[in-house]
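**Student:** What would the 3D arrangement of this be:
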Amino acid sequence: MKTDVISSKREIRILKAGRRKRASGVNLIEVMAVTAILTITVVGTSGYRYYSSLNAHWAQEQITAARLGQLLCGSWAGVEGDETYDPEEHLESDLEVDVLSPPDSLPPAFVLLGSYRITIEGVAYDCTLAWKDVTPELRAIWVSVKWDWREEDLSNPDKAFRKSFIIITYV
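**Tutor:** All right, here's what the predicted structure looks like:
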């Protein structure tokens, strides 16, 4: 009886060892499934990184435009909204400023001071400055900053939108 128990324990151990050896391998279907999952993950991560960097670039253009508008407004307000203010004279040493032709339209009752193209880090910002006397002691200063906003579009890669910031301050 004792030998029967011992031999059956040995048989069980041998059977279990045989099962482990057969189940320890990786079959082709498992390898293909893991490869497909990793491929999808890598492609998704690459797309995420691409669009994240593209959106960061667009955000930088918007921040630059807003800061440029504030710079022009502040510089012009610094000379108390004088009609002879010239951004080329005040900003030429720091920025590349070129004179543009007058824009097609202005806000009602505003007088054009001038239009300028200011290029920063390869992006051209078209700036228009205008003013209006609200009262004899109060002058409104209007600054518009426009630039081309390129958007990814596979059907039309040259597609661009005109984005703008408008800042008004009083002196």
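
**Student:** those strands in the chain, which residues are they?
**Tutor:** With DSSP state E, the ranges of strands along the chain come out as 96-99, 111-120, 123-135, 138-150, 160-170.

**Student:** among those strands, which is nearest residue 51?
**Tutor:** strand 138-150 (14.0 Å; C-beta to C-beta). (Each C-beta comes from the backbone N, C-alpha and C, glycine too.)

**Student:** Off-centre distance for that closest one?
**Tutor:** Distance of strand 138-150 from the chain centroid (C-alpha atoms, centre = their mean, to the nearest Å) equals 20 Å.

**Student:** Given it, what are its sheet partners and their directions?
**Tutor:** Partners of strand 138-150 in the sheet, by DSSP bridges, are strand 123-135 (antiparallel), strand 160-170 (antiparallel).

**Student:** any idea which of the ones you listed scores lowest on pLDDT?
**Tutor:** For these, mean pLDDT drops lowest on strand 160-170, to a mean of 86.

**Student:** and for it, what are the contacting residues?
**Tutor:** 61-62, 65-66, 69-70, 72-73, 77, 134, 138-151 (C-beta atoms under 8 Å, 6 or more residues apart in numbering).

**Student:** go with 6 Å
**Tutor:** Contact partners of strand 160-170, identified using C-beta atoms under 6 Å, 6 or more residues apart in numbering, comprise 65-66, 69, 73, 77, 138, 140-150.

**Student:** Okay, buried residues for it please.
**Tutor:** Residues of strand 160-170 classed as buried by neighbour count (16 or more other C-beta atoms under 10 Å): 165, 167.

**Student:** For that strand, list the C-alpha coordinates in CSV.
**Tutor:** Provided in CSV are the C-alpha atoms of strand 160-170 (Å, rounded to 0.1, in the frame of the first residue of the first chain):
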residue,chain,number,x,y,z
ALA,A,160,-3.3,79.6,-43.8
PHE,A,161,-5.6,81.7,-41.7
ARG,A,162,-5.2,85.3,-40.6
LYS,A,163,-5.1,85.5,-36.8
SER,A,164,-5.2,88.8,-34.9
PHE,A,165,-5.0,90.6,-31.6
ILE,A,166,-6.4,94.0,-31.0
ILE,A,167,-5.4,96.1,-28.0
ILE,A,168,-6.9,99.4,-27.0
THR,A,169,-5.6,101.6,-24.3
TYR,A,170,-6.2,105.2,-23.1
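
**Student:** Run the chain-centre distance for it.
**Tutor:** Centroid separation between strand 160-170 and its chain, computed with C-alpha atoms, centre = their mean, is 17 Å.
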